[in-house]
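J.: predicted model, plus sequence, below.
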Amino acid sequence: MVVTAVVQLAFSPKQQETIRQQTKNITLEVNEGTPRSGKTTADIFKMANFYIKSRDMNHLVTAYNQEQAFRLFMDGDGLGLIHIYGNLAEMKHDEHGDHLLLHAPNGKKKIYYKGGGKVNSVGAITGMSLGSVTFLEINLLHMDFVKECFRRTYAAKDRFHLAELNPPAPSHPVLTEVFDRYEKTGRYKWRHWTPFDNPILDEERRNELYNELKFSSYLLQRDWYGKRVLPKGIIYETFDMEKNQIPKLEGRPIEMVFFGDGGQQDATVCECYVITEHEVDGYYKYK
């Protein structure tokens, strides 16, 4: 006797809307919001249905690296594609890479999963023809890779792109170079998410999260309200453009030092420090 476990899932209204949203007149659909707001789960079930109906064979799921793409979408903490399809799909590998082979009623579908966060990631998809692309944390992917993904779907019969992300900095290039461009075409759908859209977070847990985030203005706005904000440290808040600047360099320059911080999500920050020598009361001081 074989006993099969049945998982009862309760979707929030936002998740149901996402899963049922028709894709026919949409080129790019975006789900943007706070961490743990239920975006990924809804995206998995939406695309699970899309792949079955699609007339295209090849599809792509991409995250910063391949491991994340598999963990977030293929496995999905027990709710991913490999669990939804069961024995109707199997893991395979061919000349284009690792993929989930789905035996759908209208033919086989290959759902590739790849990393897109590095400058050379674009080489993994060059020459491929895709029907759809799902971008996980699209703001962490390299822009050359993102743009090439859209080119790979030019000849698709049922062309569709789905992107999800936590709120990026307001000046992030994915907003201006991707989202704004597709919004102007009229074939764009954007959806906002907060912790209230995740049915597994009860009121007690939401209150717990709020009390953890409320002491940081940046985290509260980004991880609770799902807004695009810039971090504000003590330097940003106390720096005075008049009081903290001098018109000319004082002392004798001794050394110049450069520092750089190349963040994943924000623009690279570069700093330049000039160390000068001063003679005060017979002693040399350095600033």
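T.: Cool, the structure landed. Residues are numbered from 1 along each chain as shown.
J.: got a list of what residue 200 touches?
T.: Residue 200 is in contact with residue 38, counting by CB atoms under 8 Å, 6 or more residues apart in numbering. (C-beta placed from N, C-alpha, C; glycine too.)
J.: the strand ranked longest in the chain - which strands sit beside it in the sheet, and in what orientation?
T.: Across the chain, the longest stretch assigned as strand under DSSP state E is strand 269-280. Applying DSSP bridges, strand 269-280 is found paired with strand 252-261 (antiparallel), strand 283-286 (antiparallel).
J.: in terms of helices and strands, where is residue 150?
T.: helix 143-152 (DSSP states H and E).
J.: contacts made by that helix with the rest, please.
T.: Under CB under 8 Å, 6+ apart, the answer for helix 143-152 is 60, 62, 116-117, 119, 121-122, 125-126, 128-130, 133, 135, 138, 161, 173-174, 177-178.
J.: buried among those? Make that a ChimeraX selection.
T.: Buried residues among the contacts of helix 143-152 (16 or more other CB atoms under 10 Å), as a ChimeraX selection:
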select :60,62,116,117,121,122,125,128,130,133,135,138,161,174,178
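J.: in helices only, show me the contacts of helix 143-152.
T.: Among the contacts of helix 143-152, the members found in helices (DSSP state H) are 173, 174.
J.: inside strands: which ones of the contacts of helix 143-152?
T.: Filtering those for strands - DSSP E - leaves 60, 62, 133, 135, 161.
J.: now do the same for the fourth one: its pLDDT.
T.: Translated: residue 135. Among the per-residue scores, residue 135 holds a pLDDT of 99.
J.: what's the closest non-adjacent residue to it?
T.: Leaving aside its sequence neighbours, residue 135 sits nearest to residue 163 (CB to CB, 6 or more residues apart in numbering; 4.1 Å).
J.: how close does the one you found get to residue 80?
T.: Using CB to CB, to the nearest Å, we find residue 163 at a distance of 18 Å from residue 80.
J.: and the two most separated of the ones in strands among the contacts of helix 143-152?
T.: The largest separation in the ones in strands among the contacts of helix 143-152, counting by CB to CB, is between 62 and 161 at 10.7 Å.
J.: lowest-confidence helix or strand of this structure?
T.: helix 234-238 (a mean of 55; mean pLDDT, DSSP states H and E).
J.: and the angle for the strand or helix carrying residue 30 with strand 132-136?
T.: According to DSSP H and E, residue 30 maps onto strand 28-33. Going by axes from the mean of the first three to the mean of the last three CA atoms, to 10 degrees, strand 28-33 is angled at 20 degrees with respect to strand 132-136.
J.: who touches the helix or strand just after strand 28-33?
T.: Sequence order places helix 39-53 as the next helix or strand after strand 28-33, per DSSP H and E. By CB under 8 Å, 6+ apart, the residues outside helix 39-53 that reach it are 11, 14-15, 18-19, 21, 23, 31, 33, 59, 61, 72-73, 76, 79-81, 84-85, 102, 104-106, 109, 111, 132, 134, 136, 158, 160, 162, 164, 193.
J.: per the record, what domains does this protein have?
T.: Using automatic domain parsing, the domains assigned to the chain come out as 20-199, 246-286.
J.: would you mind measuring the gap between the ends of the last one?
T.: For domain 246-286, the first-to-last residue distance is 17 Å (CA to CA, to the nearest Å).
J.: and it, how far from the chain's centre?
T.: 36 Å (CA atoms, centre = their mean, to the nearest Å).
J.: now the first one
T.: Between the mean C-alpha point of domain 20-199 and the mean C-alpha point of its chain there is a distance of 10 Å (CA atoms, centre = their mean).
J.: kindly check the end-to-end length of that domain for me.
T.: 17 Å.
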